[in-house]
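Novice: just a sequence and a predicted model for now, questions to come.
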Amino acid sequence: MTTTFIAVSAVLLVVFALWGKRKRQRRLNTVEVITLPAVVASQLGNQRDIKVYLPPRYREREEERFEVLYINDGQECDALGLHDTLARLSTAGRIRPVIAVAIPTNENRLHEYGTSVAMNELGLGTLAPAYSHFIVHELMPLIDEIFRTKPGAVLLGVSLGGLSAFDIAWNHPEQFSAVGVLSGSFWWRARDEEEKIDAGRRIVHSLARQAACPPPFRIFLQTGTRDEVTDRDGDGVIDAIQDTQELIAELRATGCPPEQITYVEVLGGRHDFETWARVLPVFLEWAFSPAQGRPTEAMSSDYRRPR
């Protein structure tokens, strides 16, 4: 009986040792989430809690600095599957370690998001300049002060938050190395009397058309073939796709080389978080791939890159 007891005890010790090792390994690959409470946006006159996702072993890698991803509509990061996607791709070595900053919106979303140069034809986007100021001049310096960051941030947004992300990067190109726009609201049109926008009236397209040189940052654009049903000119191409493809044409006319712009079109993709959650790993690999190559997850039958 004594021999049996010793044998069983030895087996249990091995099991517990292996369990402890695996538990420690899981902890090492965990993305830690912390909250910065009540971060003030001075020009907006409000404040918001900011969630920060730290890469695995951030606290142990004391000599390292990390790239930063800022995300509009940060209150929806659970719907995007951000935490698990970051952990999975980091553990697999498919992305470089990155700090993700989730910026929540509020009841003023339709005014904080937009284009800084002008409100749209519906009178929306009036607070876009103040929101841009918050991101670039208040939040980003705060993140740089608290965490070990690298220059050249990446900005991501969906829908109207995507339009906002593009606009902020466009107006502050020295701050960003890349921008991602999923189902961006590029239909955003100016009022007829707006003098700063040309006759085309889609504001972002107009800005690109007026640009003297291409932007220095990389651009990731995504649409879904079921993003909407509206087809204003009856050409068989929904407006979300047409607006995005025509923006790409304007950007290329400024001198953007083909490799600077990545466009992913999701077959059957809708204007919803289920679709954007599918695209998120594609974007993350594009933005933070260790090899700086094209993402692999995009190249399934569900995705295509139209010419």
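Specialist: Arrived safely, thanks for sending. Numbers count the residues shown, from 1 in each chain.
Novice: CA-only coordinates of stretch 136-150 in PDB, if you can.
Specialist: Included here for stretch 136-150 are C-alpha records, laid out as PDB according to Å, rounded to 0.1, in the frame of the first residue of the first chain:
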ATOM      1  CA  VAL A 136      -4.100  64.000 -30.900                       C
ATOM      2  CA  HIS A 137      -3.300  66.600 -28.200                       C
ATOM      3  CA  GLU A 138      -4.800  65.100 -25.000                       C
ATOM      4  CA  LEU A 139      -5.300  61.300 -25.200                       C
ATOM      5  CA  MET A 140      -2.200  60.300 -27.200                       C
ATOM      6  CA  PRO A 141       0.200  62.400 -25.000                       C
ATOM      7  CA  LEU A 142      -1.400  60.800 -21.900                       C
ATOM      8  CA  ILE A 143      -0.900  57.300 -23.300                       C
ATOM      9  CA  ASP A 144       2.700  58.100 -24.200                       C
ATOM     10  CA  GLU A 145       3.300  59.400 -20.700                       C
ATOM     11  CA  ILE A 146       1.800  56.400 -18.900                       C
ATOM     12  CA  PHE A 147       2.900  53.500 -21.200                       C
ATOM     13  CA  ARG A 148       6.100  52.600 -23.100                       C
ATOM     14  CA  THR A 149       5.000  53.500 -26.600                       C
ATOM     15  CA  LYS A 150       6.600  53.900 -30.000                       C
END
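Novice: what about residue 212, neighbour count?
Specialist: Using other C-beta atoms under 10 Å, residue 212 has 6 neighbouring residues. All C-beta atoms are positioned from the backbone trio N, CA, C, and that covers glycine.
Novice: report the secondary structure state of it.
Specialist: coil (DSSP: H, G, I helix; E, B strand; the rest coil).
Novice: now it: how far from residue 64?
Specialist: Distance, residue 212 to residue 64, using C-beta to C-beta, to the nearest Å: 38 Å.
Novice: so which strand or helix has residue 192?
Specialist: Under the criterion DSSP states H and E, no helix or strand holds residue 192.
Novice: can you count the residues close to it?
Specialist: If you count neighbours by other C-beta under 10 Å, residue 192 ends up with 9.
Novice: list the contacts for it?
Specialist: Shown in contact with residue 192 (C-beta atoms under 8 Å, 6 or more residues apart in numbering): 121, 201.
Novice: which parts of this protein are strands?
Specialist: In the chain, the segments counted as strands under DSSP state E are 32-41, 46-54, 67-71, 98-102, 153-158, 176-182, 218-226, 261-270, 303-304.
Novice: which of those strands is buried the deepest?
Specialist: Among those, strand 153-158 has the highest mean neighbour count (mean count of other C-beta atoms under 10 Å), at a mean of 28.
Novice: identify the residues contacting that strand?
Specialist: Defining contact as C-beta under 8 Å, 6+ apart, one finds that strand 153-158 is touched by 67-73, 76, 98, 113, 135, 140, 162-166, 168-169, 175-184, 273, 276, 283, 287-288.
Novice: one step back: for residue 147, find the nearest of the strands of the chain.
Specialist: strand 98-102 (5.8 Å; C-beta to C-beta).
Novice: that's all I had, so thanks and see you.
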